[in-house]
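K.L.:
structure, please.
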Amino acid sequence: MKAKLLLLSFLFISITVISQNKKLQQLDRSQIETSILIPTSTIFNIEDFQDNTNSVYSFKQAYKLLGQNDFKNRLNNPITIDAKAAINHQVIPIAILHADYQTIVPEAFTDGRLSLDDNQNLINVTGSNSVYRKNTISISAPLIANHKGLTNQFIIKERDIYNTTNQVISKIEIDFDDTLGFRAVNINTPITVTYTKAGNKVLKSRITLSNQEVFKSKSTLNINYSAEDLNANFNRAVLTFNSTIAPNLTPYGVANDIGTGEYDVFLSSDNILDKPIFVIDGFDPGDTRDVLSIYNLLNFEDNGTLLNLGDQMRTEGFDIVVLNFPVYTRASDNVVVDGGADFIERNAMLLVELINLINAQKIGTEQNVIIGPSMGGLISRYALNYMENQNIDHDTRLWISFDSPHQGANVPIGFQHLFNYMAFGLDLGGLGGDQSIVAVQPLINDFLKSAAARQMLTDQFEPHLASGSNVDFDSALTLPIAHPYHNLFFSGLNGLTTSGFPENVRKVSMINGSGINARYPDKLNNPVLPNRQILDVTIPDVAFQTDATFRSRFTPYAGNTNQISYLFIDAPFICFCDLTASANGEAFSYTDGIDAASGGLFDLGALSGGFGTDPLINTFFNALQIDYFNFIPSVSSMALEITNNEVDWFHTPTNVMTARAVNDLTPFDNWYMPDANQSHVTLTPQNVAFAISEIMPTTLSTNTIESNSISIIKNPVKNYIAISSDVTISDASLKITDITGKLIYNVTTTLDNNTQVPIQLASGLYVLSIEDTNNTLSQFKIVVE
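P.N.:
Okay, here's the model as predicted:
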């Protein structure tokens, strides 16, 4: 069998597009009536697209497959997507691809109908049966994947109809999944479609040709609520605004343009804006979240009951101000800006503008509270730093950083190499041509290469690229390398104030990474360690006689080097040259690789859902041995002080103190660190109770006690409270009250150097008072996990 495959590979070595390879000049081309010859063996089977539910990505994939195998070069122009029109005028472009094509049947080689002559030309040998199989593809799809707005206009422009056949398209009908069924669509004429709710829409099309032949296909489009929809359907009042202060983006070589944002105020029952709590959106490429979705990120579950931190605060008289960063067209140059992944500085100036707006509107003297989840923590940190630097009164008493990357974020560099190669590097040569996966390209262009990702990632793939290549890593560049934007951003941020953090507010950090440096588990609940192989899969027959192998490892132990990424495409029917690519990674001498460190976890399931239904991608993700990776390291979200810029990502915080000098010192005045690693920006009853205790200092208030000899060794607590005392205290009374002030625990004991007091309390926030016979010695807020 191997000998036969080797012979077939040898026969295919000379095959390429006929217009480009003289070795096919002797081939009888009289039966190639379509002028499009697609090999049977490709990573993508062109015949699958007709029955698939296509997206803009699979549509472009089919277009590329046909175009690179079209002898007449009729499909070589890139598909144009009128993004500005779609954003500004709610016009969604739909494209149609209708083409006849042929493939070489594999049996033509085994039964002797095709062979090579003495000059290595492919020739017809015996038999009168055609060596080609003819088929037709006729599909349509919207040219965007996501759109905001329930009421839209769809349009099929003449330029977006790609018909390489002699048949004329006489009728186009589309069911827009709006309950109205099929409707005739005229070329260049918009058709209005109104949906009753957001969600994924399945569009069905019927293409009728002049010979009355009918082709059916399906496609998808995700519809989100626009600001107008939220205002009309959910009684919201979402407002769009521009910043008046331009950020300094000159170091990046970018113009200092202002930004555009959206905000909404969720008032408490008194309908008076008097106690604002700002919630700032984080990293959101494509603006998949609206202000209502951001508000709902405050949801959490408590013993099976779904609650919302925003709702709880509004019952206490607070008002929630939500800031979103939309996709918009910049007026100065008509450039489309993806606000959810834009420069952090530009979004920070929008927050400065909003703080000034709210301060001018609010009633009373209550100071602001600002909550910054994820990148929102960096945006709010920069905004507050800037306002203090410029002597602008932000009137803010409390800033809560929620799992924010103050020392940088992480996406495993092995993943970055693999995904970039899958998106742009699968050029197989021969008849196969470029098989790069279009669906993965937004992950590179819109996510990993976005301004915000370049600023946050501690190791980013672009600086690793070999000179002249957009996919191959330089073998000499194995240590972690941040993009130049990273240092530019943090240098600018830290230069605004003496400490690099806002100094006229109380600073609090809630993190989702483990505070005891615990490992997070793989799919089988085993701890994930450095150098862990998390992918090793060979996908057989991704197309006819084509196998694909993918491997990936997490970054290694300190001072070691390993292979972080490997891919191999074995395609004997496409070309004699297999495609192999790999990359190595190295850990610094002072830390194990960041990938396995404790931290807020990124959900790979959420990532895989954006790639559509391609079987290769689905198999790839199913083969991963992990569901999560370390996204925001605990050391980063706690902003622990780093010595000589040498970050030990596996540092275990011990006796953390508020200051900035060595590894166990933090700029934060208080913090919440769970023992186990949790999903990034996940709210739990425990961290919600902690947040409430900070937002409402009068609730569960603790008095300042003169004695400093007593301390809580570890907080949050579980089954016991560990109390340290510099002196022995006999007959100490320990009293615990809940959030309502009800006394629920009272015991008398002796305190000495280290006393453990067993407890059995439900999860939540409590006040522990320690008294002797004369007075109260100490009070502490404790969080029970």
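
K.L.:
how many neighbouring residues does the closest residue in space to Thr244 that isn't next to it in sequence have?
P.N.:
Using Cβ to Cβ, 6 or more residues apart in numbering and skipping the chain neighbours, the partner closest in space to Thr244 is Glu353 (6.1 Å). (Glycine included, C-beta is placed from N, CA and C.) Residues near Glu353, counting by other Cβ atoms under 10 Å, number 21.

K.L.:
cool, and Ile617?
P.N.:
Applying other Cβ under 10 Å, we find 17 residues neighbouring Ile617.

K.L.:
what do you get for the one 5 residues further on?
P.N.:
Other residues within reach of Asn622, judged by other Cβ under 10 Å, total 9.

K.L.:
equivalent analysis for Leu306, please.
P.N.:
Neighbour tally, Leu306, other Cβ under 10 Å: 8.

K.L.:
contacting residues around it?
P.N.:
Asn299, Phe300 (Cβ atoms under 8 Å, 6 or more residues apart in numbering).

K.L.:
just the CA coordinates for whichever strand or helix holds it, please, in PDB.
P.N.:
If you go by DSSP states H and E, Leu306 is part of strand 305-308. Below are the C-alpha coordinates for strand 305-308, written out as PDB (Å, rounded to 0.1, in the frame of the first residue of the first chain):
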ATOM      1  CA  THR A 305     -30.300  30.900  43.200                       C
ATOM      2  CA  LEU A 306     -29.200  33.300  40.500                       C
ATOM      3  CA  LEU A 307     -28.400  36.700  42.000                       C
ATOM      4  CA  ASN A 308     -26.800  39.900  40.700                       C
END
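
K.L.:
sheet-wise, list the partners of it with their directions.
P.N.:
Counting by DSSP bridges, the strands paired with strand 305-308 are strand 299-302 (antiparallel).

K.L.:
quick check: mean pLDDT of the partner strand?
P.N.:
On average, the pLDDT along strand 299-302 is 91.

K.L.:
what are the buried residues along it?
P.N.:
Phe300, Asp302 (16 or more other Cβ atoms under 10 Å).

K.L.:
which residues touch that strand?
P.N.:
Strand 299-302 has contacts (Cβ under 8 Å, 6+ apart) with Leu306, Leu307, Asn308, Leu309, Thr682, Leu683, Thr684, Pro685, Val688, Ser763.

K.L.:
try stretch 223-238
P.N.:
146-150, 152, 195, 198-201, 239-240, 262-265, 287-288, 290-292, 326.

K.L.:
could you do stretch 489-508 as well?
P.N.:
Contacts of stretch 489-508 (Cβ under 8 Å, 6+ apart): 248, 251, 344-345, 370, 378, 381-382, 384-386, 388-389, 394, 396-401, 408, 455-456, 639, 660, 667-671, 691, 694.

K.L.:
and it, end to end?
P.N.:
22 Å (Cα to Cα, to the nearest Å).

K.L.:
same question, stretch 173-180
P.N.:
Using Cα to Cα, the end-to-end distance of stretch 173-180 comes to 12 Å.

K.L.:
what's the domain layout of this structure?
P.N.:
Listed by the TED database, the domain ranges of the chain are 37-223, 228-402, 413-492+514-636, 707-784.

K.L.:
and stretch 655-670, what's buried?
P.N.:
By neighbour count with 16+ other Cβ under 10 Å, stretch 655-670 contains the buried residues Val656, Asn663, Asp664, Leu665, Thr666, Pro667, Phe668, Asn670.

K.L.:
would you mark the buried spots in stretch 200-215?
P.N.:
By 16+ other Cβ under 10 Å, the buried positions in stretch 200-215 come out as Lys201, Leu203, Lys204, Ser205, Arg206, Ile207, Leu209, Phe215.

K.L.:
just give me how far the strand holding Leu306 sits from the chain centre.
P.N.:
Per Cα atoms, centre = their mean, to the nearest Å, the displacement of strand 305-308 from the mean C-alpha position of its chain is 25 Å.

K.L.:
which element follows that strand toward the C-terminus?
P.N.:
helix 309-315.

K.L.:
quick one: mean pLDDT over that next one.
P.N.:
93.

K.L.:
how far does stretch 637-648 sit from its chain's centre?
P.N.:
25 Å.

K.L.:
and the contacts of it?
P.N.:
Contacts for stretch 637-648 (Cβ under 8 Å, 6+ apart): 401, 403-407, 458, 501, 509, 511-513, 515, 588, 590-591, 599-600, 635, 651, 653, 656, 659-668, 671, 673.

K.L.:
from these, which land in strands?
P.N.:
Among those, DSSP state E puts Ser401, Ser509, Gly599, Gly600, Leu665, Thr666, Trp671 in strands.

K.L.:
nearest to Asn163, of those residues?
P.N.:
The closest of those to Asn163 turns out to be Gly600 (Cβ to Cβ; 49.7 Å).

K.L.:
average pLDDT for the host helix or strand of Val688, rounded please.
P.N.:
Using DSSP H and E, Val688 sits within helix 685-695. The pLDDT scores in helix 685-695 average 91.

K.L.:
identify, from the buried residues of stretch 200-215, the entry nearest to Tyr557.
P.N.:
Distance to Tyr557 across the buried residues of stretch 200-215 (Cβ to Cβ) is lowest for Lys201, with 48.4 Å.

K.L.:
next one: the helix holding Val688 to chain centre, how far?
P.N.:
Distance, stretch centre to chain centre, for helix 685-695: 27 Å (Cα atoms, centre = their mean).

K.L.:
give me the contacts around it.
P.N.:
Applying Cβ under 8 Å, 6+ apart, the external contacts of helix 685-695 come out as 277, 300, 302-303, 307, 309, 312-313, 318, 369, 371, 398, 400, 506, 508, 510, 670, 672, 674, 699-700, 716, 739, 763-765, 781, 783-785.

K.L.:
the residue lying closest to Gly585 once chain neighbours are set aside: how many residues sit nearby?
P.N.:
Closest residue to Gly585 apart from its sequence neighbours, by Cβ to Cβ, 6+ apart: Ile564 at 3.8 Å. For Ile564, the count of nearby residues is 28 (other Cβ under 10 Å).

K.L.:
hmm, who's touching the helix or strand encompassing Ile564?
P.N.:
Using DSSP H and E, Ile564 maps to strand 561-570. Applying Cβ under 8 Å, 6+ apart, the external contacts of strand 561-570 come out as 43, 412-415, 417-418, 421-422, 426, 428, 435, 478, 531, 546-556, 578-587.

K.L.:
thinking again about what came up before, identify the farthest-apart pair in the buried residues of stretch 655-670.
P.N.:
Asn663 and Asn670 (18.7 Å).

K.L.:
residues near Asn502, how many?
P.N.:
Heads up, residue 502 is Pro, not Asn. Using other Cβ under 10 Å, Pro502 has 25 neighbouring residues.

K.L.:
could I get the phi/psi values of it?
P.N.:
In terms of degrees, to the nearest 10, the main-chain angles of Pro502 are phi -60, psi 140.

K.L.:
now do the buried residues in stretch 733-743.
P.N.:
By 16+ other Cβ under 10 Å, the buried positions in stretch 733-743 come out as Ser733, Leu734, Lys735, Ile736, Thr737, Asp738.

K.L.:
tell me the secondary structure at the fourth one.
P.N.:
To tie it back to what came earlier, the one meant is Ile736. Put simply, Ile736 is strand when judged by DSSP: H, G, I helix; E, B strand; the rest coil.

K.L.:
give me the pLDDT for it.
P.N.:
You'll see Ile736 listed with a pLDDT of 88.
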